[in-house]
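I would like to see how this sequence folds:
(chains A and B, ligands or ions: 3)
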Amino acid sequence: MEFYLFGELIVLPTDVVAAWVSVILGTPIVLYWLTKKRHWPVIWDYATSTNHRKIGTLYIIFAILFFFRAGIDALFIRLQLVTPENQFWVFQGDKYNEIFTTHGTMMIFFVAMPLLIGLMNVAVPLQIGANDLAFPFLNAIGFYLFLTGGMIFFAAFFFNAAPNAGWTAYAPLSTYEFTGGPNNNYYIFGLQISGLGTIFAAINMIVTILRLRAPGLKLTRMPLFPWASLITSFLILVAFPVLAIALLLLQFDRLYGATFFVGELGHPVYWQHLFWIFGHPEVYILALPAFGIFSDIISAFSRKNVFGYTSMVIALALIGMLGFMVWAHHMFTVGLGPFANTFFAITTMMIAVPTGVKVFNWLFTMRRGVIRIKTPMLFALGFIPTFVMGGVTGVMLASAAADMQYHDTYFVVAHFHYVIIGSTVLGAFAGLYYWYPKMTGKMLDEKLGKWHFWLFLIGFHLTFFPQHLAGLNGMPRRVYDYTWEDGVFVYNFISTIGAFMMGASMLFVIWNVYKTHRPKKENVGADPWDGRTLEWYVPSPAPEHPFEKMPIIDRRDALWWAKQEGKPLPVAEHHRASPVSIRTVQPFVLSVALTIMSFGFIYGWLWMQIIGGAASLGFFVLRAFNDERTAVYRKEEQDNEQ
Amino acid sequence: MKILVLLSFLFILSGCNLRVLDPKTQTASDQAFLIYLSFGIMMFVVLVVALLFIAFTVKYRETEKNRHDVPKHEEGNRTLEIIWTVLPIILLIGLAVPTVMITYDVSYIGASSDDNAVHVNVTGEQFRWTFEYENGKETHKKLVLPEDREVIFHLTSKDVIHSFWVPKLAGKIDVLPGEENRLKVTPEETGTYQGKCAEYCGTLHADMRFEAEVMEQEEFQAWLNEE
Ligand code: HEM
Ligand SMILES: [Cu+2]
Ligand SMILES: [Cu+2]
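Ligands and ions are numbered 1, 2, ... in the order given. Here you go, the predicted structure:
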């Protein structure tokens, strides 16, 4: 479509037009529905809250919205690849490059990460007996930074400027010379801002877990999800600043003609090192929390304690540590030489050992248990074989010389979808079904949950199993086209069918949520699953100040043992000073300021950079001079003296 | 589950036709060997996990009878934990040793041992390849190579990063701007093989293809000398 605006010729591809039309038609309908159902007070309540459960819920809601967007990208990819020499809509050449870039980037940063951080927000404080995260205000800021980054990235498409250098944005392709225009600036600012939010979330999580545990809940008595969250947070604290630096350097290359990644003094491989020093730990940042969720769920639904608790914790820590020593396994074909290649091959193989320990411990947690197959457990059971299949292809990839054949083919695409979907996405679904009562007070429907699970899992294997073969038959990733002679038609065809099954399974999630909230069902009690950990001690949904009197913990799974012995958990005399929740619109204001600043940089409009930048800076100055908590501190001290 | 069994069957059947597993040089054979070896070792692991998984989920499922049982508390089991730590280490050593050896073998280190080697300068650019022979002959879509003679590729890029890949001849090697990477192969069978760019390089990355044709030596000489 072409038209004139202020005398300038504007050319809009039909997919962008379609997106605008659906937004323009859809928005009034949604607004009308929200008004008619009187949802505005609830939305206001959540948007201005600093409560961990509400912020966690928001993280999850937006992650799922982004999941649908990135999922539609995936379906477009699969439609374009369904047959050889296909021409689906506009998705060839640059348009195809845009959708796989936005698909990958959104899935990692705006789906997988916030799903996990959202679940941590909801569950971790309750599991350790904290009344909230240590810094509730910072938590709200973290959420708004994620949302801002996500929205900036999301918006790119509407201005026909979606990033197109792949989620890895390799230089020099990602520098101004080869991909001019605003496209990859969206990538830089979307990730930079949301990444800062992630760092805040990690700091918050670390302090909360180290400082706010219930009396007697030593680290060695902590459930495995908080353990995984703690270790993950340390990984974030190291890895995300590396990404921030890499993005900043790229920004200088793109906007101001610096030459960190090109030219005489720069080198494109520097980008790859920086990106993967962040990127590989990122993979474990996605996997470890999922491991934690599965450990808790498998134990709860087998009615047994976790098998080999100590080795589970050690394995988490080892995986986290080794995760920093393997980044160059993404660079076996760069020509770093056989010494570097074999070194990184071996460190990578070493990670398989603690990972294997975890798999066997999960299996043996089920042994001699009583396995209740409810939806969360179903996802955990689907996880074990799926993840193991992804893990073993990981070891195959670690074999450096062999990887020169697999690298950048569909074999790799299959591998990382097996591990990411196998662990993170199945884990997030499991956690969602498991903690939904704690978040909302309602249980999701079991039957629809099972439909979701089976369609998703079968669709998943149909989609990604054949891709191993496509890769071995020579199909590179990130191509929009292949020929009949390539001999990969059947694999791609099956793959597309599977993708639509996965898409269909997500409709069951919508239906399930709709059904669950439809007839004003009674809230379930505190402990609908017969759980073992502390979150099942407080009412559902978890109230703002869940632990009035702190429970005293004298062993692992204390709640479970108290239930077995038919006694209530002992509680402490005094209540504890706990984080103070407030109502605030400040994070939203910051979010607006940062959006203005980012668009200024993305399009190179200096005046907007100055306004947005000054507003953001001013925000920090204002914050430095006011602290809502002072009043409350004094009050709690007095309470305790009485 | 059924689908999985079926698909894995397909996998084994089609194994010999897949390009990566149909090597025409020693380099690619070595790499295919590593693939089979790691696949074999890993299938053993998958099998063990699958058996335990099926056994436990079938045997310990909740039934009417055990619904109210409370399983015994079980801290762990030292022997078992040692087994599943040590056994994988042994398996991985079994994979790591050949990996190291073959990785050194397939990497180009130092000068060529063969004076008779053919040198080809490979230049990648958006979106085509240029193959330049020692006598100055240049081609784009077609890379012609002699049978049973060592070929050394000198690869470099004019713009972004590309990756040179002929699955039947060898694993890929990146083609970087401002840097020369090298790759050494000795084709052992005449025929025409697909070549592709394997590193995403922009709009028409998918079209950056070429054909590698391996000819008998005399034929190759004749081809090289014709205009
Ligand atoms: C829902 C079903 C999904 C389907 C059908 C799907 C399909 C695909 C396909 C076909 C590609 C390769 C595109 C190409 O190389 O040309 C791809 C790339 C990718 N996918 Fe997915 N995917 C799905 C879900 C996910 C999820 C859940 C994640 C992560 C949380 C994810 C992360 C990625 C990443 C990181 C890439 C690489 C993008 C790049 O090459 O820059 N995908 N996906
Ligand atoms: Cu990695
Ligand atoms: Cu390319």
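
which ones are touching residue 131?
You didn't pick a chain, so chain A it is. A:125, A:212, A:545-547, A:576, A:578-579 (Cβ atoms under 8 Å, 6 or more residues apart in numbering or on different chains). Where C-beta positions appear, they are placed from N, C-alpha and C, glycine not excepted.

looking at chain B here, not the other one
So B:Phe131 contacts B:120-122, B:138-140, B:142-143, B:210 (Cβ under 8 Å, 6+ apart).

Give me the contacts around stretch A:165-183.
Residues contacting stretch A:165-183 (Cβ under 8 Å, 6+ apart): A:97-98, A:100-101, A:104-105, A:108, A:156, A:159, A:161-164, A:184, A:187, A:250, A:253-255, A:257, A:261-262, A:268, A:270-272, A:275, A:279, A:478, A:602-603, B:126, B:159-161, B:177, B:199-202.

Name the helix or strand for residue 163, please.
No chain in the question, so chain A it is. Counting by DSSP states H and E, there is no helix or strand that carries A:Pro163.

actually chain B
Taking DSSP H and E as the definition, B:Ser163 sits inside strand B:162-166.

what lines up beside that strand in the sheet?
Partner strands and pairing direction for strand B:162-166 (DSSP bridges) are strand B:170-175 (antiparallel), strand B:191-197 (antiparallel).

now check the last one, is it near ligand 1?
No: using Cβ under 6 Å from any ligand atom, no contact is recorded between strand B:191-197 and ligand 1, whose separation bottoms out at 13.4 Å.

picking that back up, nearest to A:Ala290 among the contacts of A:Asn131?
Using Cβ to Cβ, A:Pro125 is the member of the contacts of A:Asn131 that sits closest to A:Ala290, with 19.1 Å.

if I pick that closest one, what's in contact with it?
Neighbours of A:Pro125 in contact, by Cβ under 8 Å, 6+ apart: A:52, A:131-133, A:208, A:212.

which stretches of chain A have low pLDDT?
Applying pLDDT under 70 to chain A flags the ranges A:1-2, A:7, A:633-642.

Could you find the closest non-adjacent residue to the residue in it that chain B sits nearest to?
Closest residue of chain A to chain B, Cβ to the nearest Cβ: A:Met404 (2.5 Å). In this structure, A:Met404 finds its nearest non-sequential neighbour in B:Gly171, 2.5 Å apart by Cβ to Cβ, 6 or more residues apart in numbering or on different chains.

Tell me the confidence at that neighbour?
Looking at B:Gly171, its pLDDT reads 93.

Provide a list of residues in contact with it.
B:Gly171 makes contact with A:333, A:401-405, A:407, B:27-28, B:31, B:106, B:165, according to Cβ under 8 Å, 6+ apart.

Now for residue 134: which residues touch it?
By default, I'm working from chain A. Going by Cβ under 8 Å, 6+ apart, A:Ala134 touches A:204, A:207-208, A:211-212, A:579.

Chain B, not that one
By Cβ under 8 Å, 6+ apart, B:Glu134 lies in contact with B:118-119.

Count residues in the vicinity of A:Pro28, would you?
For A:Pro28, the neighbour count with other Cβ atoms under 10 Å in any protein chain shown is 9.

With B:Ile89 instead?
Using other Cβ under 10 Å, B:Ile89 has 15 neighbouring residues.

That one: what's its closest spatial neighbour, skipping adjacent residues?
Excluding the flanking residues, the one nearest B:Ile89 by Cβ to Cβ, 6+ apart is A:Val353, at 5.9 Å.

correct me, but that neighbour touches B:Val86?
No: here A:Val353 does not reach B:Val86: they are 9.2 Å apart, not a contact under Cβ atoms under 8 Å.

These two: who's more crowded?
Between A:Val353 and B:Val86, counted using other Cβ under 10 Å, A:Val353 has the larger neighbour count: 20 against 11.

rewinding a little: and the residue of chain A closest to chain B, what helix or strand is that in?
Secondary structure from DSSP H and E places A:Met404 in helix A:400-406.

Can I get that helix in CSV? Just the C-alpha atoms.
Extracted in CSV, the C-alpha atoms of helix A:400-406 (Å, rounded to 0.1, in the frame of the first residue of the first chain):
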residue,chain,number,x,y,z
ALA,A,400,33.5,-29.6,18.2
ALA,A,401,34.4,-31.2,14.9
ALA,A,402,30.9,-32.6,14.5
ASP,A,403,29.4,-29.3,15.3
MET,A,404,31.0,-27.9,12.2
GLN,A,405,28.4,-29.9,10.4
TYR,A,406,25.5,-29.1,12.7
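
Is that helix in proximity to ligand 1?
No: contact of helix A:400-406 with ligand 1 (Cβ under 6 Å from any ligand atom) is absent, the minimum separation being 13.6 Å.

Looks to me like B:Glu211 is in a strand.
Yes: per DSSP: H, G, I helix; E, B strand; the rest coil, B:Glu211 lies within a strand segment.

and it, what does it touch?
By Cβ under 8 Å, 6+ apart, B:Glu211 lies in contact with B:141-143, B:192-195.

change it to 6 Å
B:Glu211 is in contact with B:142, B:192, counting by Cβ atoms under 6 Å, 6 or more residues apart in numbering or on different chains.

quick one: it from chain A, how far?
11 Å (Cβ to the nearest Cβ, to the nearest Å).

partners of that residue in the sheet?
B:Glu211 has the following beta-bridge partners by DSSP bridges: B:Lys142, B:Gln194.

and the angle for whichever helix in chain B runs longest with strand B:170-175?
Counting residues, the longest helix found in chain B (DSSP state H) is helix B:26-59. Angle between the axes of helix B:26-59 and strand B:170-175 is 110 degrees (criterion: axes from the mean of the first three to the mean of the last three Cα atoms, to 10 degrees).

Helix B:26-59 packs against which elements?
On a contact count with 3 or more Cβ pairs under 6 Å, 6 or more residues apart in numbering or on different chains; DSSP states H and E, helix B:26-59 meets helix A:338-366, helix A:375-398, helix A:400-406, helix B:78-106, strand B:170-175.

Can you tell me which of those is packed in deepest?
Highest mean neighbour count of these: helix A:400-406, a mean of 29 (counted as mean count of other Cβ atoms under 10 Å in any protein chain shown).
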